[in-house]
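Student: Predicted coordinates and the sequence they were generated for:
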Amino acid sequence: MARVRFLGPSNQRLKPHPTEVDCEYAVVDDNGIRLLHLSTFGSDDRASERKSSQSLQFDAERARQLVEIIQRTFPHLSSRPH
């Protein structure tokens, strides 16, 4: 698990993943600081029982950055019918 401290563009050579996983979210309070907590769980083919594989926590500033990235990536999500 890790709290995200920086969001920036990647230079990695990436391709789509062949497997899908479930992701759950929760809100965590850290002494008055609200955090968005995202946890992914192993794929259906995982040999062991269901458990969290990776977790990320976003504070308000990183969440704002993530929203901006999502809006740039999927601009049609921002458009609302009049």
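Tutor: That came in fine, so what should we check first? Numbers count the residues shown, from 1 in each chain.

Student: can you give me how far the lowest-mean-pLDDT helix or strand in the chain is from the chain middle?
Tutor: One helix or strand of the chain scores below all others by mean pLDDT, DSSP states H and E: strand 52-58, with a mean of 90. Offset of strand 52-58 from its chain centre (Cα atoms, centre = their mean, to the nearest Å): 8 Å.

Student: Which secondary structure elements does it sit against?
Tutor: Packed against strand 52-58, as judged by 3 or more Cβ pairs under 8 Å, 6 or more residues apart in numbering; DSSP states H and E, are the following elements: strand 2-3, strand 33-41. To be clear about C-beta, it is placed using only N, CA and C from the backbone, and glycine gets the same treatment.

Student: So which bits of it are buried?
Tutor: Burial within strand 52-58, assessed by neighbour count using 16 or more other Cβ atoms under 10 Å, is assigned to Leu56, Gln57, Phe58.

Student: Can you pull up the most central residue in the chain?
Tutor: Leu38 (5.6 Å; Cα atoms, centre = their mean).

Student: Quick one: residues contacting that one.
Tutor: Leu38 makes contact with Cys23, Glu24, Tyr25, Ser55, Leu56, Gln57, Phe58 under the criterion Cβ atoms under 8 Å, 6 or more residues apart in numbering.

Student: show me what contacts the fifth one?
Tutor: Same thing as Leu56. For Leu56, the set of contacting residues under the criterion of Cβ under 8 Å, 6+ apart consists of Met1, Ala2, Arg3, Val4, His37, Leu38.

Student: between these, which is nearest Asp30?
Tutor: Lowest distance from Asp30 to the contacts of Leu56 (Cβ to Cβ) belongs to Arg3, with 8.6 Å.

Student: For the nearest residue to that closest one once chain neighbours are set aside, name its beta-bridge partners.
Tutor: For Arg3, the nearest residue in space outside its immediate sequence neighbours is Gln57; the separation is 4.4 Å by Cβ to Cβ, 6 or more residues apart in numbering. Listed by DSSP bridges, the beta-bridge partners for Gln57 are Arg3, His37.
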